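Trainee: My questions concern the predicted model and sequence given below.
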Amino acid sequence: MVKLGLIGERLSHSYSPAIHKLLHGESYELFELSRDELAMFFEKGGAFGVNVTIPYKRSVMEFCSTLSPEAEKVGSVNTMVRKDGLWHGHNTDYYGFLHMVEKSGVSVSGKKSVVLGSGGASKAVVAVLEDLGASEIVVVSRQGKVNYESLSIHADAGLIVNATPVGMYPNNGESPVDLCVFKQCEAVLDLIYNPSRTKLVMQAESLGITAISGLSMLVAQAAKSAEMFLDRSFRREDIERITCKLSLDMENIVLIGMPGCGKSTVGKALAEMLGREFFDADAEIESALGKTIPQIFAGDGQNHFRALETDMLQTLGKKSGAVIATGGGCVTRSENYEPLHQNGKIIWIIRDLCLLETGGRPVSQSTDVSDLYEQRRALYETFADATVRNCGEVDLCCERIKEALT
């Protein structure tokens, strides 16, 4: 088998192996290397082709005997192919970002564009924007001529591109800028793909601004590098198919709904059916504190429990490809929406009120169920991406959820 792989410093959460498996099925390994180990790796020549990610896109250039025009223009290498004992450097980020722009439907021509970050990926972004006719391109960096303190003078930008790692897993919930500054912004392109919706993307959504995350760019650049590795071509349809599958596989399935509607029971069955991990937010809180939910309510009060719940949802929301059952009242705090939405599709499970179980549920036992439902119905609607009815047949409910995901 051809030996291919990815070079980087920390790679445990890389999606590259999954992408290349779907693309071509050849062996693809992760090579976590320190900077001092780079020279030995390339001297040994243990691989035929490698992708390169942060922080080595510039460092590996010294090991390349030739550079492609794209690599020369961008000033960094993210793909290396060994031929006749020599390494040849390429940059497929250009192709990846071009695909991302095309997928977004955004017209770059004539737009003032702000690019956040000045690293290797940023240079590929700038090259594409130049070729697509952006009227002005402003590169922002912490120490550069244009920095985040002076960014307001470019508040008339029509396009924002995030080429920084700000907001990337595990530092979910951070954002490099506040979009409210950019009153004329029409689109946000965020190169980050984990989480699938960064805080920046979610703010764009809330403001009605077109926004797209970086998964399509990742797949497109991987396809271009695979063409170089294996001397074969991939169609746009291949890239779209793999992007769609990865998006579905990586997305959490988040279950919300009234206490006793069957979130935990259905969630466990769904996780088993799909081969995913299952997490119950209430059970995770009980395990962490060594107390039951009724004990927490009785000893510390509902407000304390809600704070604990928010902390737990922040943690669970960072996961990928899991099934997560939430507590019935999680929707009562608006701050719980973003952690659940960032990597998840939120499914509201509805069940007839007369069938709801109330045992061991403090709020359901202290409040009339009909009143509770009326208090929360609009909140469930606000959180939910889809609604599924649970008639008591678990397998049927799981099938309905699967249908809602596609």
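Mentor: Everything's here; your move.
Trainee: tell me the mean pLDDT for the longest strand anywhere in the chain?
Mentor: Ranked by residue count and defined by DSSP state E, the top strand of the chain is strand 344-350. Here strand 344-350 scores 97 as its mean pLDDT.
Trainee: just stretch 377-391 next, same as before
Mentor: pLDDT averaged over stretch 377-391 gives 97.
Trainee: Just the C-alpha atoms of that stretch, please, in CSV.
Mentor: Backbone C-alpha positions of stretch 377-391 (Å, rounded to 0.1, in the frame of the first residue of the first chain) are rendered in CSV as follows:
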residue,chain,number,x,y,z
ARG,A,377,-42.9,25.6,24.1
ALA,A,378,-41.6,28.8,22.4
LEU,A,379,-38.2,28.1,23.9
TYR,A,380,-38.1,24.6,22.4
GLU,A,381,-39.2,26.0,19.1
THR,A,382,-36.4,28.5,19.2
PHE,A,383,-33.7,25.9,19.9
ALA,A,384,-34.9,23.2,17.6
ASP,A,385,-33.7,22.5,14.0
ALA,A,386,-36.3,19.7,13.7
THR,A,387,-39.2,18.2,15.6
VAL,A,388,-40.0,14.5,16.0
ARG,A,389,-43.0,12.9,17.8
ASN,A,390,-42.4,10.1,20.3
CYS,A,391,-45.5,7.9,20.4
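Trainee: Run the chain-centre distance for it.
Mentor: 23 Å (C-alpha atoms, centre = their mean, to the nearest Å).
Trainee: His13: what secondary structure?
Mentor: coil (DSSP: H, G, I helix; E, B strand; the rest coil).
Trainee: That one touches Pro195, doesn't it?
Mentor: No. With contact defined as C-beta atoms under 8 Å, His13 does not reach Pro195; the gap is 11.0 Å. Bear in mind the C-beta positions are built from the backbone N, C-alpha and C, glycine included.
Trainee: so what's in contact with these two at the same time?
Mentor: Residues touching both His13 and Pro195 comprise Tyr169, with contact defined as C-beta atoms under 8 Å, 6 or more residues apart in numbering.
Trainee: Neighbour count: those two, which is higher?
Mentor: Between His13 and Pro195, counting by other C-beta atoms under 10 Å, Pro195 is the more crowded of the two (29 against 10).
Trainee: residue contacts, the residue most central in space within the chain?
Mentor: Closest to where the C-alpha atoms of the chain average out (C-alpha atoms, centre = their mean) is Ser196, at 2.0 Å. Ser196 makes contacts with Ser213, Leu215, Ser247, Met250, Glu251, Gln342, Asn343, as judged by C-beta under 8 Å, 6+ apart.
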